[in-house]
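Peer 1: coords please:
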Amino acid sequence: MNPATHVTINPYFKCNEGKLAEFKALLPQFVEKTATEPACHYYGFTISGDVIFCREGYEGAEGLLAHLGNVGPLLEQGLAISELIRLEVHGPEAELAKLREPLADLNPDWFVHECSVEK
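Peer 2: Numbers count the residues shown, from 1 in each chain. Purely as a prediction, here's the structure:
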């Protein structure tokens with residue numbers, strides 16, 4: 001991963017009452033579609049109670065936007081049975097600048113990369 005272009009998007013979905021199993025059934029479909037994306041560095045889900053978190057990282061803003069286009073219909077299904085309670089986007093400012101307008105409707109919290117260790 002290149003810290004100069006690596007971006008992450010971190011959505012937290014709170015499932016509607018009684019809909020956790022239905023949302024969990026979508027997760028393998030998300031993973032299958034995302035596995036085809038060349039700009040995806042990692043992608044996976046964790047669950048705490050009725051909150052589903054997706055940890056995902058991409059090579060640049062373009063990779064993140066391509067992902068959203070790829071999983072769009074599945075995302076719509078997930079949002080029909082949950083609420084997006086938090087959305088974070090992390091990365092270098094040059095990449096975040098490319099995402100601010102396309103993601104504005106989602107009202108994410110923006111985190112600008114300062115420093116890191118990459119191995």
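Peer 1: show me where this structure has helices.
Peer 2: For the chain, the helices defined by DSSP state H occupy 20-34, 60-80, 93-99.
Peer 1: put together a markdown table for those, with mean pLDDT and distance to residue 14 on each row.
Peer 2: The C-beta positions use only the backbone N, C-alpha and C, and glycine is treated the same way. Listed next are the helices of the chain as a markdown table, based on pLDDT from 0 to 100; distance: least, Cβ to Cβ, whole Å:
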| stretch | mean pLDDT | distance to residue 14 |
| --- | --- | --- |
| helix 20-34 | 97 | 10 |
| helix 60-80 | 97 | 11 |
| helix 93-99 | 97 | 23 |
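Peer 1: would TSV of those helices with mean neighbour count and distance to residue 52 be doable?
Peer 2: Formatted as TSV, the helices of the chain follow (neighbours: other Cβ atoms under 10 Å; distance: least, Cβ to Cβ, whole Å):
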stretch	mean neighbour count	distance to residue 52
helix 20-34	15	6
helix 60-80	17	8
helix 93-99	16	22
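Peer 1: residue 41 is nearest to which of these?
Peer 2: Proximity to residue 41 (Cβ to Cβ) singles out helix 60-80 among the helices of the chain, at 8.4 Å.
Peer 1: which outside residues touch the closest one?
Peer 2: Identification of contacts with helix 60-80 by Cβ atoms under 8 Å, 6 or more residues apart in numbering yields 5-7, 9, 13, 23, 26, 29-30, 33-34, 36-40, 56, 58, 89, 91, 95-96, 98-99, 102.
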